[in-house]
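> generate a structure from the sequence data that follows.
(one chain, ligands or ions: 1)
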Amino acid sequence: HRPMARLNLNLSKKYLDRCIKYYPGGSHFNFATPQRPLNIPFKRGEGARVWDLDNNEHIDFFNKFGALFLGHNHPQYLEAMIGGLKKATAVDMCDMEVEVAEALLARYPSADQVRFCLSGTEAVQNAIRLARGYTGKQRFVRFSGHYHGNADNIIGGYPGDTDFPTPKMKSNDVLNTKGRADGVLEAQSFLLQWNDAAVLQSTLEKYSGEIAAVIMEPFLVNGGGIAPAPGYLEQVRALCTKHNVLLIFDEVITGFRAGIGGAQGLYGIKPDITILGKALGGGSMPVSAVLSTKEIMSLYADGKVIFGGTFNGYTMGLVAVKACLTILQADTGCYERVEGHMKKIGELLVAAADDNDIPMFVQGLPNALTFHVDDVAPTSADTYSNKNKMLSNIIRETSKRFGIQFCPISRMYSNIMLNDSDVAFFGSRIGDAMQASKAEID
Ligand code: PMP
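Residues are numbered from 1 along each chain as shown. Here you go, the predicted structure:
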């Protein structure tokens, strides 16, 4: 086998230099630029592939931070969006409000009602406010390695509470930021180790009078692709009920990806509040949602808790949600099909690593896999080592030169248009990408 040459990315690099002039770091967010990587600008996408400015073809496992679950240019989605544009000047309610809510809530039986907004960050903040309004309590519990958006009171860090039941957790340091309002983390949250029911129990026993909510990713995608331990979600559910604390599932990633009914459908657990985002709008429209019971949502209806947002429930967003649900519902085999492809992708990746003496594990939801460059796969966000992350980053950056786009933090997001030929394409590139990665690592 003669290794393929690295892709010619001259036009992309030139364009990126121009981007850097106008965008800090050449990007719209920090997460893609921890080590000045090459962010390749793309001009076209189709299914699971994207094309760069130099006309190179790449397989896409980035999929817009996982939002693009339907794939690039899904024909039915595109058609629905074009149709939607004709309605998009509606200023308030449009004539599909009921259909969208019914289709969505049928898949999330933990909830009776929904409010739409635009980003996951916003939906999380609205959910926390709702939980505070409902319980009359102030603080919340969050978990190491879980990500809930870009707001001061929840991104990174760790509360410095001396009474705090668990010590400083390194895994969240990476998201620490200057400019945060003083003391908000300490004042508002307890940061605990996830998958540890005992620590939650002792915290709730001691502080439940202060705690409004427990918020978590029900399957830890952001912290290493870690599944809830058997029985853990049931224990959390029971503890929250016992202590009058609302359980919030942040299903911004797991909604639709873990199954059409999210991780709560997969595990059969009913949270009090559900947050959806990313894939909810098919990946091209910003739409997020807060879902809950009629009783809890009555605080909105009664005007006791405010939920503002000029573009909440905007027409194109609703069209996108409807299209997404319609497509996933009609394509009944899509989960089994894509999960089969992702299994092969994972196997090809590990085999290529093996051939190059790179230790590797792949774990996570089939549609949101994480690869770990380590001898053992992490079982918590705090055993997800910096070395592992750094080596994974090298593989991600190097693979771009061979037409493979991984997501930051060694993630592989699928989309439902992934097919056999994409798997073959990946198979034809990953060996060379891994060999080049090995040279970089050494
Ligand atoms: N929650 C989770 C679980 C997420 O993964 C993200 C985004 N990665 C968010 C919330 C924040 O969503 P957004 O970026 O749309 O604000």
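
> list the buried residues of the helix or strand of the chain with the lowest mean pLDDT.
Averaged element by element with mean pLDDT, DSSP states H and E, the chain has its least confident helix or strand at helix 184-188 (a mean of 85). Of the residues in helix 184-188, those scored as buried under the neighbour-count criterion (16 or more other CB atoms under 10 Å) are 185-186, 188. In short, each C-beta sits where N, CA and C put it, glycine included.

> stretch 68-78 too?
Neighbour-count burial for stretch 68-78 flags 68-72, 74, 77 (criterion: 16+ other CB under 10 Å).

> mind picking the two most distant members of the residues you listed?
The largest separation in the buried residues of stretch 68-78, counting by CB to CB, is between Phe69 and His72 at 11.3 Å.

> what's the overlap in contacts for these two?
Listed contacts common to Phe69 and His72 are Asn415; contacts here mean CB atoms under 8 Å, 6 or more residues apart in numbering.

> Lys278: which of the buried residues of stretch 68-78 is nearest?
For the buried residues of stretch 68-78, with Lys278 as the reference and CB to CB as the criterion, the closest is Phe69, at 7.7 Å.

> for the closest residue to that closest one other than its chain neighbours, give me its contacts.
In space, not counting the residues next to it along the chain, Phe69 is nearest to Ala279; the distance is 3.9 Å by CB to CB, 6 or more residues apart in numbering. With contacts taken as CB under 8 Å, 6+ apart, Ala279 has the following neighbours: 66-70, 255-257, 324.

> 7 Å instead?
With contacts taken as CB atoms under 7 Å, 6 or more residues apart in numbering, Ala279 has the following neighbours: 67, 69, 255-257, 324.

> what of Ile275?
Counting by CB under 7 Å, 6+ apart, Ile275 makes contact with 120, 123-124, 127, 248, 250-252, 288, 290.

> including pLDDT and secondary structure, could those go into JSON lines?
As requested, the contacts of Ile275 are exported to JSON lines (pLDDT from 0 to 100; DSSP: H, G, I helix; E, B strand; the rest coil):
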{"residue": "Gly120", "pLDDT": "98", "secondary structure": "helix"}
{"residue": "Ala123", "pLDDT": "98", "secondary structure": "helix"}
{"residue": "Val124", "pLDDT": "98", "secondary structure": "helix"}
{"residue": "Ala127", "pLDDT": "98", "secondary structure": "helix"}
{"residue": "Ile248", "pLDDT": "99", "secondary structure": "strand"}
{"residue": "Asp250", "pLDDT": "98", "secondary structure": "strand"}
{"residue": "Glu251", "pLDDT": "98", "secondary structure": "coil"}
{"residue": "Val252", "pLDDT": "98", "secondary structure": "coil"}
{"residue": "Ser288", "pLDDT": "98", "secondary structure": "strand"}
{"residue": "Val290", "pLDDT": "98", "secondary structure": "strand"}
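
> farthest pair within these?
Of all pairs drawn from the contacts of Ile275, the one with the longest distance (CB to CB) is Ile248 and Ser288, at 13.4 Å.

> where does the stretch 51-200 of the chain get nearest to the ligand, residue-wise?
Gly120 (2.1 Å; CB to the nearest ligand atom).

> pretty sure Val199 sits against Gln193.
Yes. Counting by CB atoms under 7 Å, Gln193 is a contact partner of Val199 at 5.7 Å.

> for this structure, what lies in contact range of the ligand?
For the chain, the residues found near the ligand under the criterion CB under 6 Å from any ligand atom are 65, 119-121, 124, 147-150, 217, 222, 250, 252-253, 277.

> ok, now with 5 Å
For the chain, the contact set with the ligand under CB under 5 Å from any ligand atom comprises 119-121, 147-149, 217, 250, 252-253, 277.

> residues contacting Ile289?
You called it Ile, but residue 289 is Ala. The contact partners of Ala289, taken as CB under 7 Å, 6+ apart, are 114-116, 123, 276, 280.

> which element is Gly133 on?
Under the criterion of DSSP states H and E, Gly133 resides in helix 120-135.

> can you name every helix or strand that that helix contacts?
strand 211-216, strand 246-250, strand 273-276, strand 288-292, helix 294-301 (3 or more CB pairs under 7 Å, 6 or more residues apart in numbering; DSSP states H and E).
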